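S.K.: got a predicted structure plus its sequence, pasted below:
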Protein chains: 2
Amino acid sequence: MEVCITSLLRDKGFKVTPQRLAIYNMLSSTRSHPNAEMIFNELQAMYPTMSLATVYKTMEILKEIGLVQVLNAGEDSFRYDAVMTNHPHVRCTECGQVEDVPDINIDAFVNEVSQGTKYQIMGQQFYFHGICPACQRKNSN
Amino acid sequence: MEVCITSLLRDKGFKVTPQRLAIYNMLSSTRSHPNAEMIFNELQAMYPTMSLATVYKTMEILKEIGLVQVLNAGEDSFRYDAVMTNHPHVRCTECGQVEDVPDINIDAFVNEVSQGTKYQIMGQQFYFHGICPACQRKNSN
DNA sequence: TTTTTTATAGAAAACGATTATCGAGTAGTT
DNA sequence: AACTACTCGATAATCGTTTTCTATAAAAAA
Ligand SMILES: [Mn+2]
Ligand SMILES: [Mn+2]
Ligand SMILES: [Zn+2]
Ligand SMILES: [Zn+2]
């Protein structure tokens, strides 16, 4: 992993910096689909001088070299995912957390759309919204 | 239609104004899924004094009374649709137009997700991106 | 290792879509 | 016509994101 991002950055002419490694390591070891501010806050303790702009610029690079994807979960900010398979997400409208939709294969559905349209489909994004188990419990009290 | 929006506005305590009727009429008679600025530009000729803020405030009201839905097609601005069924859209990454995905029933897919997750699903949004027929032709020249 | 080159980090300002504020004007009511 | 409450449009504010600029760190060359 560490090797992977290092050589990918070098191959594309980007320099390998502690900030970039830290951001990618943080993202690839969480399932929380953080946005830029969450990443910034998380790394604040370890890298007190790092700015939010650096997070944004790093995400741009990581996206370009194919290590992260940008998620649009119907919020006002983007979230990031180091899992590169195209998979749907679900967001809790009460607590705001974004999770993967488990055990879903979207290929059949994507194929059906691809064949039903004259567009040359290059990608897609699916997101659901609802209430997570924890918030459901909280509500029923 | 005209009757519909008029009584819906009145019933919810909103006043019926020329601007609101014009915005809704424009939206319900196009398939282009315009964003606020497109609506504003389109109505500029007929309503030269209308401001962009009025378009936004009107969309908020129309959404609230259930006459329009807000689309997120992976752009930096929202688009609006007077068709209230929840249907997927496809955006051309070259010319930017947003169209309906034809002849697709999403119910089976939505049901599968609903049963596979512990979330209480309240809604969803699907969008595809790719290259439209016109831009494909343009490219192959 | 030292020097040279080049890209980067971070502070600050800019940006752009959307929202909030406010005073004058208008719709609907009496 | 007069009254009241809502709405319009100009303007400012907001906020996530992007850009600009320059000292500095990383990579390449010597
Ligand atoms: Mn994910
Ligand atoms: Mn549509
Ligand atoms: Zn929740
Ligand atoms: Zn096109």
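M.R.: Thanks, I have the structure now. Numbering: from 1, shown residues only, chains lettered A, B, ... in the order given. Ligands and ions are numbered 1, 2, ... in the order given.
S.K.: got the domain ranges for chain A?
M.R.: In terms of domains, chain A is parsed into A:1-83, A:85-141 (source: automatic domain parsing).
S.K.: and the average pLDDT for the lengthiest strand in chain A is what?
M.R.: For chain A, the longest strand by residue count, based on DSSP state E, is strand A:120-131. Averaging pLDDT along strand A:120-131 gives 96.
S.K.: equivalent analysis for stretch A:71-90, please.
M.R.: Stretch A:71-90 comes out at a mean pLDDT of 95.
S.K.: on that earlier part again, between the domains of chain A, which one is closest to ligand 3.
M.R.: domain A:85-141 (3.2 Å; C-beta to the ion). All C-beta atoms are positioned from the backbone trio N, CA, C, and that covers glycine.
S.K.: that closest one near ligand 1 anywhere?
M.R.: Yes: counting by C-beta under 5 Å from the ion, ligand 1 has neighbours in domain A:85-141: A:D100.
S.K.: picking up where we left off before, ok, which of the domains of chain A comes nearest DNA strand D?
M.R.: Ranking the domains of chain A by proximity to DNA strand D (C-beta to the nearest atom of the strand) places domain A:1-83 first, at 3.4 Å.
S.K.: re the thing from before, now for the domains of chain A, which one comes closest to B:N41?
M.R.: domain A:1-83 (24.4 Å; C-beta to C-beta).
S.K.: quick one on the thing from earlier: output the domains of chain A as CSV; include the columns mean neighbour count and distance to DNA strand D.
M.R.: CSV is the format used below for those (neighbours: other C-beta atoms under 10 Å in any protein chain shown; distance: least, C-beta to the nearest atom of the strand, whole Å):
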stretch, mean neighbour count, distance to DNA strand D
domain A:1-83, 15, 3
domain A:85-141, 16, 12
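S.K.: using CSV, please lay out the ones you listed together with distance to DNA strand C.
M.R.: CSV is the format used below for those (distance: least, C-beta to the nearest atom of the strand, whole Å):
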stretch, distance to DNA strand C
domain A:1-83, 3
domain A:85-141, 15
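S.K.: redo those as CSV? Include distance to B:Q19.
M.R.: Output for these, formatted as CSV (distance: least, C-beta to C-beta, whole Å):
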stretch, distance to B:Q19
domain A:1-83, 26
domain A:85-141, 31
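S.K.: hang on, the earlier thing: next secondary structure after the longest strand of chain A?
M.R.: helix A:133-139 (DSSP states H and E).
S.K.: does chain B sit close to that following helix?
M.R.: Yes: Helix A:133-139 lies within reach of chain B by C-beta under 8 Å from any C-beta of the partner chain, at A:133, A:136.
S.K.: quick one on the thing from earlier: right, and the domains of chain A - which one's nearest B:F128?
M.R.: domain A:85-141 (4.2 Å).
S.K.: that closest one vs ligand 4: in contact?
M.R.: No: for domain A:85-141, no contact with ligand 4 is found by C-beta under 5 Å from the ion; the gap never falls below 8.5 Å.
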